[in-house]
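Asker: requesting a structural model of the entry that follows:
(one chain, ligands or ions: 1)
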Amino acid sequence: MSTTPSPSTTAVPAPLSAGEPDAATLARAAEQTAVTVLTAATPHRLADVVPAPQQVQPDPTADWVLPAGAVIVVSADPAALAVAEQLAELLRPATGYPLPVTDTAAHPLRVADATGPGRVGGIALVLDEAADLGAEGYRLDVATDGVRLTAVTATGLFHGVQTLRQLLPAAIESPTPVAEHWALPGGTITDAPRFPYRGAMLDVARHFFAVEDVLRVIDHLARYKLNHLHLHLTDDQGWRIAVDSWPRLTTVGGATEVGGGPGGHYTKADYARIVSYAAARHITVVPEIDLPGHTNAALVAYPVLAPDKIAPPPYTGTEVGFSYVDPADERTYDFIADVLGEVAALTPGPWLHIGGDEAFKVTGEVYTGFVERVQRIVADLGKTVVGWHQLAPAAHLDGRVLQWWGTTSADPTTAEAVRQGARLILSPGNHAYLDMKYAPDTPIGHDWAGLIDVRKAYDWDPGTHVAGVPAEAVLGVEAPLWTESVTSLADIEFLLLPRLPAIAELGWSSRATHDWADFRDRLAGQGPRWATAGVTFHRAPEIPWPTTPTIPTQRDTPRTDTAAH
Ligand code: TNX
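Answerer: As a prediction, the model looks like this:
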């Protein structure tokens, strides 16, 4: 395999009077050649990407090494420019290279100058409205003289950047400069997602997590091309989002959590920070206000919402299904309209999730009547209603989305709702619930839906999983993380990784690429990246993690009193 050092460069090449390279240019070229000869690193295979790309055409004669003087040239578009800056920020810490970003309007350098024989040598990010790549797709061309990423949208470029990042050596995740041979495998990847909705859910109600923790979860989603973060903001144990018209929801309802800890809540500014951090990573936040059950924290704050108008005691246990807001009191609907109105105003995305699960004490027509009213409130706010699949028996409302968390593969009520036009997000409890334990001896998590090792998380097909729900009715997939037993960022990461990439691959990759042995090998390559980035993950025994010292075992378990393997 040949690795060709690129022509050495400066960010803005100076015209050379005598037609000869200057001394500094020669020195850099020599240094680059020395690195090439000394390390002779083999680049990754072009197909070593998670989630699996749609089409991969390797060209082993076209490997490329990122030169110290590389430039990033980008189409003159603010959103594309932001992606180029993000790429530079990803590459600068480990490489120590300056990697200046220049757009084609701000600088005479043309996009074509980043690639092509004798050009500057660098990475070009090109928006091309005519490209046949869809709203989120991209094409990545790695040639001996540079890299070109093409997409119709900045979102496509962003996904392409995640691929580019995975094709560089794992050391690219280092927060400090590393002497590495930044080789990329030559060839072309053409890629686009199977499903438009690919998400994860974080339950911030059972245990509260600081904004910084949520931002880090968003980073993990972005790596694997997930584009939705569902926040379970309210439950019996805590209310986590500020609502100005009902302030006690947070001051009283937010002050508890499972196990008796202090709880907490997001101010509107906190929530806005999460939303904009996610948006910058092309991720849409889906807020959930769980109704009519899972509402003990709201009832503690406002007993008027309770069926008996008496405040229940705060709840810090882990049972479900006992609480509900009074469906027979008009003030309940005023409350819901106020809350959903404020949350909708804070949320640029189209979705409002209204829960609807495990309302064991609101049944039959009372339940469906309640849901139908709340669905209309959401529609009147201009949002699309999402709810757990228990919403199915309520009347159809245009555009509504049900989230399947069942553990069977058939449910006539859900199939009928789909027949009437509902779309489905698939979160089967026995495959996608990331709060399930990996194995009997792994720490933290539940097992009510079974144990979920990496293969179990990977081996199902969202397009055929629920009887009577054709692939066309499937909006996508989501991996929920409930947090009754999860108390820290390390716990979150331990349960997320390495299973989140499995769910991400089911959402992104075409079925034709589905192959456990191949996935297992590609996933193994992520381990050194997480280790280098200081991310906790479970060293699942079924994955052939590389036996390099870059995976410190202390990162394996989130707690010191338990061992994962
Ligand atoms: C079921 S899934 C729940 C949650 C629990 C979870 C624990 C769903 C819609 N409801 O309230 O946290 O199980 O795994």
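
Asker: can you list contacts of the particular helix or strand that has residue 287 in it?
Answerer: Assessed by DSSP states H and E, residue 287 sits inside strand 284-291. Contacts to strand 284-291, defined as Cβ atoms under 8 Å, 6 or more residues apart in numbering, come from residues 199, 201, 205, 227-235, 241, 274-275, 278, 325, 336, 339-340, 343, 346-357, 370, 374, 386. Bear in mind the C-beta positions are built from the backbone N, C-alpha and C, glycine included.

Asker: can you say which of those are buried?
Answerer: 199, 201, 205, 227-235, 241, 274-275, 278, 325, 336, 339-340, 343, 346-347, 349, 351-357, 370, 374, 386 (16 or more other Cβ atoms under 10 Å).

Asker: also near the ligand: which of those residues, exactly?
Answerer: Checking the buried ones among the contacts of strand 284-291 against the ligand by Cβ under 6 Å from any ligand atom, the ones in range are residue 357.

Asker: in strands only, show me the buried ones among the contacts of strand 284-291.
Answerer: Judged by DSSP state E, the buried ones among the contacts of strand 284-291 include 199, 201, 228-232, 234-235, 351-355, 386 as members of strands.

Asker: quickly note the distance from residue 352 to the ligand.
Answerer: According to Cβ to the nearest ligand atom, to the nearest Å, residue 352 and the ligand sit 16 Å apart.

Asker: ok, now which ones touch that residue?
Answerer: Counted by Cβ under 8 Å, 6+ apart, residue 352 has contacts 286-287, 289, 340, 343-344, 378, 381, 383-386.

Asker: how about it: what's its closest non-neighbour residue?
Answerer: Setting aside the residues directly before and after it, residue 352 is nearest to residue 383 in space (Cβ to Cβ, 6 or more residues apart in numbering), at 4.2 Å.

Asker: neighbours of the one you found, how many?
Answerer: A count of neighbours around residue 383, defined by other Cβ atoms under 10 Å, yields 21.

Asker: any idea how far it is from residue 354?
Answerer: 10 Å (Cβ to Cβ, to the nearest Å).

Asker: hey, what's in contact with both of those two?
Answerer: Joint contacts of residue 383 and residue 354 (Cβ under 8 Å, 6+ apart) are residue 340.

Asker: and the residue of the stretch 451-565 of the chain found nearest the ligand, how close does it get to residue 434?
Answerer: Closest to the ligand within the stretch 451-565 of the chain is residue 482: 3.5 Å, counting by Cβ to the nearest ligand atom. Going from residue 482 to residue 434 by Cβ to Cβ gives 8 Å.

Asker: these two: who's more crowded?
Answerer: residue 434 (26 against 22).

Asker: helix, strand, or coil at the more buried one?
Answerer: Following DSSP: H, G, I helix; E, B strand; the rest coil, residue 434 is assigned to coil.

Asker: start the count at 17, not 1, going forward
Answerer: Sure, I'll start numbering at 17, so the last one becomes residue 450.

Asker: enumerate every residue touching it.
Answerer: So residue 450 contacts 216, 468, 473, 495-497, 511-512, 515-516, 519 (Cβ under 8 Å, 6+ apart).

Asker: redo the residues you listed as CSV? Include secondary structure and pLDDT.
Answerer: CSV is the format used below for these (DSSP: H, G, I helix; E, B strand; the rest coil; pLDDT from 0 to 100):
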residue, secondary structure, pLDDT
216, strand, 99
468, coil, 98
473, helix, 98
495, strand, 98
496, strand, 98
497, strand, 98
511, helix, 98
512, helix, 98
515, helix, 98
516, helix, 99
519, helix, 99
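
Asker: and stretch 225-235, what's buried?
Answerer: Those would be 225, 227, 229-230, 233-234, for stretch 225-235 by 16+ other Cβ under 10 Å.

Asker: just those now: which is nearest the ligand?
Answerer: Closest to the ligand out of the buried residues of stretch 225-235 is residue 225 (14.8 Å), distances taken as Cβ to the nearest ligand atom.

Asker: using the three-state scheme, assign the closest one.
Answerer: Assignment for residue 225 (three-state DSSP): coil.

Asker: hang on, residue 243 packs against residue 152?
Answerer: Yes - between residue 243 and residue 152 there is a contact under Cβ atoms under 8 Å: 7.4 Å.

Asker: which neighbours do these two have in common?
Answerer: 171, 212.

Asker: tell me who's in contact with the residue of the stretch 317-466 of the chain found nearest the ligand.
Answerer: Per Cβ to the nearest ligand atom, residue 373 is where the stretch 317-466 of the chain lies closest to the ligand, at 3.4 Å. For residue 373, the contacting residues are 306, 309-310, 404, 406, 421, by Cβ under 8 Å, 6+ apart.

Asker: so the residue nearest to the spatial centre of the chain is in which element?
Answerer: The centre of the chain sits closest to residue 237, judged by Cα atoms, centre = their mean, with a distance of 1.8 Å. According to DSSP H and E, residue 237 maps onto helix 227-239.

Asker: what about that helix, distance to the chain center?
Answerer: Helix 227-239 has its average C-alpha position 8 Å from the chain's average C-alpha position, going by Cα atoms, centre = their mean, to the nearest Å.

Asker: now it against strand 244-248, angle please.
Answerer: 150 degrees (axes from the mean of the first three to the mean of the last three Cα atoms, to 10 degrees).

Asker: by contact count, what packs against helix 227-239?
Answerer: Applying 3 or more Cβ pairs under 8 Å, 6 or more residues apart in numbering; DSSP states H and E, one finds that helix 227-239 contacts helix 170-183, strand 213-219, strand 244-248, helix 284-296, helix 505-512.

Asker: how about these, which one is nearest residue 542?
Answerer: When the helices and strands packed on helix 227-239 are compared by Cβ to Cβ, helix 170-183 sits nearest residue 542, at 7.9 Å.

Asker: buried set for stretch 539-551?
Answerer: So for stretch 539-551, counting by 16+ other Cβ under 10 Å, buried means 539-549, 551.

Asker: got the contact list for residue 403?
Answerer: Residue 403 neighbours (Cβ under 8 Å, 6+ apart): 369-372, 387, 391, 416-419.

Asker: sorry, wrong one. I was asking about residue 499.
Answerer: 218-223, 225, 274, 451, 508.

Asker: so it belongs to a helix, correct?
Answerer: No - counting by three-state DSSP, residue 499 is not found in a helix; it is coil.

Asker: could you report the pLDDT at it?
Answerer: Looking at residue 499, its pLDDT is 98.

Asker: and it, how far is that from residue 214?
Answerer: 21 Å.

Asker: report the contact partners of the residue in the stretch 17-166 of the chain positioned nearest to the ligand.
Answerer: Closest residue of the stretch 17-166 of the chain to the ligand, Cβ to the nearest ligand atom: residue 67 (24.4 Å). Shown in contact with residue 67 (Cβ under 8 Å, 6+ apart): 240-241, 517, 520-521, 523-525.
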